Every structure is written in C-alpha cells, then in structure tokens.
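Undergrad: Could you look at this predicted model? Sequence included:
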Amino acid sequence: QVQLVESGGGLVQPGGSLRLSCAASGNIFSTYVMGWYRQAPGKQRELVAAITNGGSTNYADSVKDRFTISRDNVKNTVALQMNSLKPEDTAVYYCHAEVQRFGVSRLYDYWGQGTQVTVSS
C-alpha cells in the first residue's frame, strides 16, 4: 500500500509563516499530481495548491502570492510554504497524491491524515 505522512502544522500568529511537508512511501512506481487541500470547521474541503510531476502549479485565489508549493520527484515529497498567514487560513490541511503503483497502470488517490494549522493571536 501507500502512505502519506504530513508534518509541520501548528499555531502561528497572523502574518507568520509555516511550512508543511508530506512524504509518500510504499508501493510507488510514480507520483503524478501532488497537492494540499484544507477543510475548516463547517466548510467543504478545498484545494489549496497542486503541482504536477513536471512542475506546473495551481493555487487557490485566496493563497496566491502567499503560499508556494514544491516537490521532490525522487523522494516523493511535497511541501507547502505558507507566508503572511491569516486567521481564515485556519483549517486541517491534507496532503494528496495521485500514485501509480508497481504493476498497475491506473492511478490511485491517496490522502494524508491531516495536520492542523491555526492562525490566531
């Protein structure tokens, strides 16, 4: 199987920064799109940022110019650098990856367990 393990969440004051990291491991032939989603209390899960294995990126309008996504294709890791954090960024952040497993041609979606980010003074 495949596991996604996240790290880096926590409590930060408005205007501060945090860096989230996610490592994919297990039966992985290749990873395709990797990204971060978030879910605030009472709200639907939403895409924050995504990056293809070719380096193309996509950001939610609310985080453009503040967040930066990056990945290491060899290590199967993805990171999210979050700057100028706002209280409305408070949510559980989930790592996501599209994975091709060895011996299987289709892609599978995998999710991390989630990491809490709280922006508050």
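TA: Thanks, I have it.

Undergrad: Name the nearest residue to the residue of the chain most remote from its centre, ignoring sequence neighbours.
TA: Distance from the C-alpha centroid of the chain peaks at G103, with 26.3 Å (Cα atoms, centre = their mean). Computed as Cβ to Cβ, 6 or more residues apart in numbering, the closest residue to G103 that is not its neighbour in sequence is F29, at 7.8 Å. Heads up, the C-betas are built off the backbone N, CA and C, glycines and all.

Undergrad: V99 touches W111, doesn't it?
TA: No: with contacts counted by Cβ atoms under 8 Å, V99 stays clear of W111, the gap being 11.0 Å.

Undergrad: mind exporting stretch 94-102 as CSV, just the C-alpha atoms?
TA: What follows is stretch 94-102, C-alpha atoms only, in CSV (Å, rounded to 0.1, in the frame of the first residue of the first chain):
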residue,chain,number,x,y,z
TYR,A,94,-4.4,17.3,3.9
CYS,A,95,-1.8,16.1,1.6
HIS,A,96,-3.0,14.4,-1.6
ALA,A,97,-1.2,12.4,-4.2
GLU,A,98,-2.0,10.6,-7.5
VAL,A,99,0.0,7.4,-7.4
GLN,A,100,0.8,4.7,-10.0
ARG,A,101,1.7,1.5,-8.1
PHE,A,102,4.1,-1.1,-9.4
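
Undergrad: Pull out the buried residues from it.
TA: By neighbour count on 16 or more other Cβ atoms under 10 Å, the buried set for stretch 94-102 is Y94, C95, H96, A97, E98, V99, Q100, R101.

Undergrad: Stretch 100-115 now?
TA: Those would be Q100, R101, Y110, G112, G114, T115, for stretch 100-115 by 16+ other Cβ under 10 Å.
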